[in-house]
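K.L.:
Sequence below, structure please.
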Amino acid sequence: MGYTLVKNGTLIDGSGGETISNAAVLIKDNLIEAVGKLNEIKQPNADIDIVDAENGFILPGLFDTHVHMMMEATDISKSLTTPFSLNFYQAINYMKRTIDTGITSVRDAGFTDFGVKEAVEKGLILGPRLQISINPLTTTGGHGDSWMRSGIDVTRVTYPGMPSGLCDGPEQVRQKVREMLRAGADIVKVHATGGVTSPTDHPEFTQFSQEELEIMVQEASFRRGVKVMAHAQGAEGIKNAVRAGIHSIEHGIFLDDEAIELMLEHGTYLVPTLLAPVAVLEAGEKSSDMPEYAVQKAKESVDIHRESIAKAHKSGVKIAMGTDAGVMPHGTNLRELDLMCKIGMTPMEALAAATKVASECLGWEDHLGTVEAGKLADLVITKTNPIADISSLEDTNNIVKVFKEGQIKKDLSRAADKTAVL
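P.N.:
Modelled structure (predicted):
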């Protein structure tokens with residue numbers, strides 16, 4: 001690959017610090033070799049590919065720490081008539097749309113198997129690097145158990161590589177954690193409470209005892225410190241998860257003061273997914289794809305959700321950007337940044353949540369999350385200034401270039417247009 005010099009841009013390095021004007025980033029192969037003002041970077045005596053940022057803004061590759069790459073919300077009848085293998089081909093488009101937003105790393109919160117991750121790593125398909133959880137653990141009748149009172153079970157299909165996550169009691173819990181790890185899970189996902197889109201529970205319902213959650217954490221930690229992430233919306237379920245040593249709380253809709261204090265004490269990450277209930281309400285207004293029970297629960301949740309996350313942020317809880325993409329269309333992920341700012345975060349804090357803090361949440365901070373020498377060359381060049389207008393990133397036409405490990409995966413620059421014309 002050789003050397004690439006990205007220049008003529010303003011650097012937002014992901015650390016939350018000051019921007020650098022007239023910045024440049026020198027890349028060698030897949031790593032960042034030097035960062036700073038252009039006149040401060042010593043250029044090698046070798047051929048260099050020059051990439052002009054065209055007075056845009058240079059950011060680290062972005063993260064979404066809560067996605068579902070193998071699904072996108074649709075009505076139940078359509079999902080029941082979709083051929084099983086079609087889901088994999090549809091996911092190719094979901095992953096490309098994710099890259100097109102500037103997101104180069106994701107944590108998959110359920111339903112993506114090890115083969116999909118390998119297909120991305122081998123370059124067979126274009127997509128973000130994946131940290132996968134295989135299938136979330138859930139209780140009978142809980143969030144993740146899609147048995148309907150009609151007697152029909154519309155739970156997502158299990159198959160070799162995608163074991164069922166349904167479990168009740170300590171010994172079943174222990175076995176299911178081992179099955180997910182055997183299937184290639186990088187992180188274990190658990191539904192510690194009910195949820196918005198499940199048919200027979202409520203977000204405030206508590207699932208799994210603290211003992212069961214502690215078993216999950218213990219079993220995962222035996223595999224060189226694998227972490228557990230918890231879908232947790234009700235206050236009691238959140239507190240059980242934090243006390244059990246769970247690494248991150250997903251959603252956090254009904255956080256109370258005690259839960260926030262526990263999260264600060266344990267250093268627990270919060271992944272707000274503010275976009276998720278908003279997307280459920282929007283889907284309910286536009287079509288019949290979203291069940292009425294989900295729309296009703298979203299209406300009950302959306303305001304208290306914003307209030308809870310605002311309180312957690314003000315208290316100093318570590319917040320990583322995540323969206324629940326799949327509940328909403330993939331490629332609309334960066335709407336989350338504006339929602340984060342509306343609960344009190346600054347644009348710089350929201351960007352850090354999608355870069356530095358997110359990389360720390362995934363345990364990848366040594367090689368991703370900020371633009372600095374020695375890290376992988378994941379970069380995004382934007383046409384607009386996200387500090388001045390964070391919502392401008394919602395338009396993927398403003399994401400001009402996306403690098404993943406030094407290779408350009410998206411290019412909307414004027415130079416690219418000229419090449420195409422020639």
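K.L.:
Could you tell me the end-to-end distance of stretch 249-262?
P.N.:
Using Cα to Cα, to the nearest Å, the end-to-end distance of stretch 249-262 comes to 12 Å.
K.L.:
got the buried residues for it?
P.N.:
249-255, 259-260, 262 (16 or more other Cβ atoms under 10 Å). (Each C-beta comes from the backbone N, C-alpha and C, glycine too.)
K.L.:
Looking at the residues you listed, which one is closest to residue 115?
P.N.:
For those, the residue nearest residue 115 by Cβ to Cβ is residue 250; the value is 24.4 Å.
K.L.:
Which strand residues bridge that closest one?
P.N.:
Bridge pairing for residue 250 (DSSP bridges) gives the partners residue 231, residue 271.
K.L.:
Was I right to think it contacts residue 237?
P.N.:
No - here residue 250 does not reach residue 237: they are 11.2 Å apart, not a contact under Cβ atoms under 8 Å.
K.L.:
any common contacting residues for those two?
P.N.:
residue 230 (Cβ atoms under 8 Å, 6 or more residues apart in numbering).
K.L.:
can you pull the buried residues of stretch 34-45?
P.N.:
34-36, 38, 41.
K.L.:
got it, and stretch 82-95?
P.N.:
87, 91-92, 94-95.
K.L.:
Stretch 336-355 too?
P.N.:
Here stretch 336-355 shows 336-341, 343, 345, 347-355 as buried, counting by 16+ other Cβ under 10 Å.
K.L.:
Which ones among those map onto helices?
P.N.:
336-341, 347-353 (DSSP state H).
K.L.:
any chance of those residues in a markdown table, with pLDDT too?
P.N.:
Converted to a markdown table, those look like this (pLDDT from 0 to 100):
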| residue | pLDDT |
| --- | --- |
| 336 | 98 |
| 337 | 98 |
| 338 | 98 |
| 339 | 98 |
| 340 | 98 |
| 341 | 98 |
| 347 | 98 |
| 348 | 98 |
| 349 | 98 |
| 350 | 98 |
| 351 | 98 |
| 352 | 98 |
| 353 | 98 |
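K.L.:
For the helix or strand that contains residue 118, name the packing helices and strands.
P.N.:
Assigned by DSSP states H and E, residue 118 falls within helix 114-121. Contacts defined by 3 or more Cβ pairs under 8 Å, 6 or more residues apart in numbering; DSSP states H and E place helix 114-121 against helix 86-100, strand 129-132.
K.L.:
For it, what is the distance to the chain centroid?
P.N.:
Relative to the chain's own centre, helix 114-121 is displaced by 17 Å; criterion: Cα atoms, centre = their mean, to the nearest Å.
K.L.:
how about that helix: buried residues?
P.N.:
For helix 114-121, by 16+ other Cβ under 10 Å, it's 114, 116-117, 119-120.
K.L.:
contact partners of that helix?
P.N.:
By Cβ under 8 Å, 6+ apart, helix 114-121 touches 69-70, 88, 91, 95, 125-130, 132, 134, 161, 183-184.
K.L.:
In strands only, show me the buried residues of stretch 249-262.
P.N.:
With strands defined by DSSP state E, the entries of the buried residues of stretch 249-262 inside them are 249-251.
K.L.:
would you turn these into TSV with pLDDT and distance to residue 309?
P.N.:
Formatted as TSV, these follow (pLDDT from 0 to 100; distance: Cβ to Cβ, whole Å):
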residue	pLDDT	distance to residue 309
249	98	11
250	98	12
251	97	9
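K.L.:
quick one, what contacts residue 405?
P.N.:
By Cβ under 8 Å, 6+ apart, the neighbours of residue 405 are 30, 376-378.
K.L.:
Please read the previous query as pertaining to residue 373.
P.N.:
Contacts of residue 373 (Cβ under 8 Å, 6+ apart): 32-35.
K.L.:
Nearest to residue 147 among these?
P.N.:
Comparing the contacts of residue 373 against residue 147 with Cβ to Cβ places residue 32 closest, at 49.4 Å.
K.L.:
Double-check that the closest one belongs to a helix.
P.N.:
No - read with DSSP: H, G, I helix; E, B strand; the rest coil, residue 32 is strand and lies in no helix.
K.L.:
and it, how many neighbours does it have?
P.N.:
24 (other Cβ atoms under 10 Å).
K.L.:
So it versus residue 93, what's the distance?
P.N.:
Distance from residue 32 to residue 93, counting by Cβ to Cβ, to the nearest Å: 30 Å.
K.L.:
ok so, going back, quick one: which of the buried residues of stretch 82-95 is nearest residue 81?
P.N.:
residue 87 (12.4 Å).
K.L.:
wait, isn't the closest one in contact with residue 70?
P.N.:
Yes - if you go by Cβ under 8 Å, residue 87 and residue 70 touch, sitting 5.8 Å apart.
K.L.:
And the helix or strand where residue 216 lies, what does it pack against?
P.N.:
Secondary structure assignment for residue 216, by DSSP H and E: helix 210-221. Applying 3+ Cβ pairs under 8 Å, 6+ apart, we find helix 210-221 packed against helix 170-182, strand 188-191, strand 228-232, helix 235-243.
K.L.:
re the thing from before, could you identify the pair within the contacts of helix 114-121 that is furthest apart?
P.N.:
Using Cβ to Cβ, the pair of the contacts of helix 114-121 lying farthest apart is 126 and 183, separated by 24.0 Å.
K.L.:
can you list the domain ranges for this protein.
P.N.:
3-61+370-421, 62-362 (automatic domain parsing).
K.L.:
quick one: low-confidence ranges for the stretch 251-400 of the chain?
P.N.:
Residue ranges of the stretch 251-400 of the chain with pLDDT under 70: 289.
K.L.:
where along it do the helices fall?
P.N.:
257-266, 275-286, 292-315, 335-342, 347-353, 356-362 (DSSP state H, counting those that start in this stretch).
K.L.:
now those in JSON lines, with distance to residue 46?
P.N.:
Output for these, formatted as JSON lines (distance: least, Cβ to Cβ, whole Å):
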{"stretch": "helix 257-266", "distance to residue 46": "49"}
{"stretch": "helix 275-286", "distance to residue 46": "44"}
{"stretch": "helix 292-315", "distance to residue 46": "46"}
{"stretch": "helix 335-342", "distance to residue 46": "38"}
{"stretch": "helix 347-353", "distance to residue 46": "33"}
{"stretch": "helix 356-362", "distance to residue 46": "30"}
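K.L.:
who wins for proximity to residue 6 among those?
P.N.:
helix 347-353 (18.0 Å).
K.L.:
and that closest one, what other elements does it pack with?
P.N.:
helix 335-342.
K.L.:
now the helix it packs on, how far from the chain's geometric center?
P.N.:
The answer for helix 335-342 is 14 Å, by Cα atoms, centre = their mean.
K.L.:
returning to what we had before: so which of the contacts of residue 373 comes closest to residue 179?
P.N.:
residue 32 (38.6 Å).
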